[in-house]
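In: Pasting a predicted model and its sequence here:
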Amino acid sequence: MADTSMQIAAPASPWVVRVRSGLSVARRVPKIPTAVLLVLMIFAIFGQWIAPHSPVAVDMANSFAPPVWHEEGTASNLLGTDKLGRDIFSRLIRGARVSLSLSLFVIALGGGVGVAVGLISGYAGGKLDAVLQRGIEVILAMPTILVALVFVFAVGRSFESVILILSPFLAARFARIVRGETLSVRERDFVAIAKVIGTPTWMILLRHILPNVFNTIIVLATLEVGHLILLESSLSFLGVGVPPPQPAWGLMVADGREFLTSAYWITLFPGLCILAAVLSLNLFGDWLRDTLDPRRRQL
Amino acid sequence: MADQLLEVEGLAKHFRGGGNWLTSGGDVIRAVDGVSFSVEEGETFALVGESGCGKTTVAKMILLLERPSGGTISFQGTDVSRFRGSGLREYKRLVQAVFQDPYSSLNPRMQVLDIIGEPLRVHQRMHGRNLRMRVGELLENVGLNPVTASFFPHQFSGGQRQRIAIARALALRPRLIVLDEPVSGLDVSIRAQILNLLVDLQRDLGLSYLLISHDLAIVEHMSHRVGVMYVGKMMELATRDEFYGNTLHPYSNALLASVPNPDPDIPMGEAIGGEVASPINPPTGCRFHTRCPIYMETSMCRDVEPDWREILSEHLTACHKVEPALV
């Protein structure tokens, strides 16, 4: 019986398998994106000890100092200074915390709620689904910036209020996409079999549906980080983002906009940071998606 | 007659097609329209018919995946729709299913241990060492190596996947397994192995099967009794030997004639023409009259729905042209 004879090498003990697969996973991690993300995380966590200057120290005598490779550049301000003479390099390092933690909080809060709503909406169907979807459409139809303006004027400008106002918009985007995926997964036979077995609904959602929509969630989350950093910058530009003088990358890009021709470094370096962060997160997300998929994972 | 395990009485399922809450509903699709049969302890009851005749809908209603529009399903003498709480749990323990497509019926994200372990976790809160041992045992029962418990579904062939699905169905020591086209998705070379495995398991564990199939060769090999469905109605019901030896209904005859014979010297039977009638607007009178080879322009076949009659002992059919031998 060709069907029953499995081609199996000598059965390795579980821990051998685990160590071996752990090593191979580590070997396949995308090196550059992971390194970039690690550096950014170190900046975000230990920034205050790494940054050579205070990110908010104003030095008007030294404003618009160019980066070190220009003739007038000094080693003290590696990447130059902005219009108030604040050190760009230090602000970038400290800004990593604001930009990344803002995105993380919004992804965790909005994404978490959105995934839950999407799963329930897609799985339950019927009236509940219709009600939830209309609610999501209402949120998606609202102009983010305008709503944020009103909200921030009402509750005051702070890091927390930016998180609170961006989360529902993110939740709506997650809910919509997760619902669509859930609709297709719930029709698969293994879900029907789970119902036949009598598996409780919460367990069907967590063990059968969620793992099969996880790819989408990972990809969406990594994409949304970039989107959120940009949104934060728009809000900052309008004066309702993270309150200055806290450094945030988006805010820095906005600050330098009017000096683009004379002092490009104020805008360029935070822009590059956003690019590096978003690109690395996307590449890392791709790898994570492949690693989480048993079909693509080769031991 | 052995003890009845499952009894289906006048079962019906009408789907409302088309419209939504804005347009006040479309046509009614009579997928299943009054079907009665029973499955006895330790036997295989086969439900056969062309695709679209409602076999799978019957299975879904028995598995509580669809709510019947009419009729009753009784399990061990109790109406299934009355089951609540522990009764419902017990029913879900005793009735399991194996579906056609082993690629869709196993969650690709789960290890075999978790797939086969799911019913054990849900019903018996089994975990750790006990769970691993029981899953290993079940894998051996279906002819797979227990080492494969840590594998994922994509590492198996179709036949092996179907064995995993069978192991999962066996985990809770059920009484009845609904087999919905269990080998249709498999290579012909693998089918016999899976069918023999099912027969062996039935013998060893005293299982009852409700076998849903369109393949009359498989039905002859596996079943004890056969029911033929056409457009939501039962056409004929008999023991296997009666059915294959003394077919009464012209539709059953047509089905049997369409089975290819491996001997080229035996001429192919007369195949019937036409398409399966639509369950949205089924023919009046006998549903089969539009394709029936023995239909004659009698108003009887066209206008009067034939009674479901016992023609011989344990041999029922619905056809005006068949004369009852029983008095």
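Out: Arrived safely.

In: Could you pull out the strands in the stretch 101-250 of chain A for me?
Out: Assignment of strands within the stretch 101-250 of chain A using DSSP state E, counting those that start in this stretch yields no ranges at all.

In: Now do stretch B:73-92: distance to the chain's middle.
Out: 19 Å (CA atoms, centre = their mean, to the nearest Å).

In: Not counting it itself, show me its contacts.
Out: The contact list for stretch B:73-92 (CB atoms under 8 Å, 6 or more residues apart in numbering or on different chains) reads A:196-198, B:4-9, B:11, B:61-62, B:64, B:68, B:72, B:94-95, B:123, B:176. Yep, even glycine has a C-beta here, placed from its N, CA and C like the rest.

In: try 10 Å
Out: Stretch B:73-92 is contacted from outside by A:195-199, B:3-9, B:11, B:38-39, B:41, B:58, B:61-64, B:67-68, B:72, B:94-95, B:119, B:122-123, B:172, B:174-176, using CB atoms under 10 Å, 6 or more residues apart in numbering or on different chains.

In: Reduced to three states, what does the closest residue to chain A within the stretch 201-327 of chain B come out as?
Out: Proximity of the stretch 201-327 of chain B to chain A (CB to the nearest CB) peaks at residue B:210, 12.7 Å away. Under DSSP: H, G, I helix; E, B strand; the rest coil, the three-state class of residue B:210 is strand.

In: so what pLDDT did residue 131 get?
Out: You didn't pick a chain, so chain A it is. With respect to pLDDT, residue A:131 has a value of 95.

In: my bad, the chain I had in mind was chain B
Out: 94.

In: does it sit in a helix or strand, and which one?
Out: Assigned by DSSP states H and E, residue B:131 falls within helix B:128-141.

In: who does that helix touch, helix- and strand-wise?
Out: The contact analysis (3 or more CB pairs under 10 Å, 6 or more residues apart in numbering or on different chains; DSSP states H and E) places helix B:128-141 against helix B:112-124, helix B:158-170, helix B:188-205.

In: The longest one near chain A anywhere?
Out: Yes - when contact is scored as CB under 10 Å from any CB of the partner chain, part of helix B:188-205 falls within range of chain A: B:189-190, B:193-194, B:196-197.

In: Just among those residues, which is most surrounded?
Out: residue B:194 (24 neighbours; other CB atoms under 10 Å in any protein chain shown).

In: element containing the residue of the stretch 1-150 of chain B found nearest chain A?
Out: Closest contact between the stretch 1-150 of chain B and chain A, by CB to the nearest CB, is at residue B:92 (3.4 Å). When elements are assigned from DSSP H and E, residue B:92 belongs to helix B:85-94.

In: Just the C-alpha atoms of that helix, please, in PDB.
Out: Extracted in PDB, the C-alpha atoms of helix B:85-94 (Å, rounded to 0.1, in the frame of the first residue of the first chain):
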ATOM      1  CA  GLY B  85     -27.400  21.200  26.100                       C
ATOM      2  CA  SER B  86     -26.000  17.900  27.000                       C
ATOM      3  CA  GLY B  87     -28.300  16.000  24.600                       C
ATOM      4  CA  LEU B  88     -27.000  18.100  21.800                       C
ATOM      5  CA  ARG B  89     -23.400  17.500  22.900                       C
ATOM      6  CA  GLU B  90     -24.000  13.800  23.000                       C
ATOM      7  CA  TYR B  91     -25.500  13.900  19.500                       C
ATOM      8  CA  LYS B  92     -22.500  15.800  18.200                       C
ATOM      9  CA  ARG B  93     -20.300  13.200  19.800                       C
ATOM     10  CA  LEU B  94     -22.200  10.200  18.300                       C
END
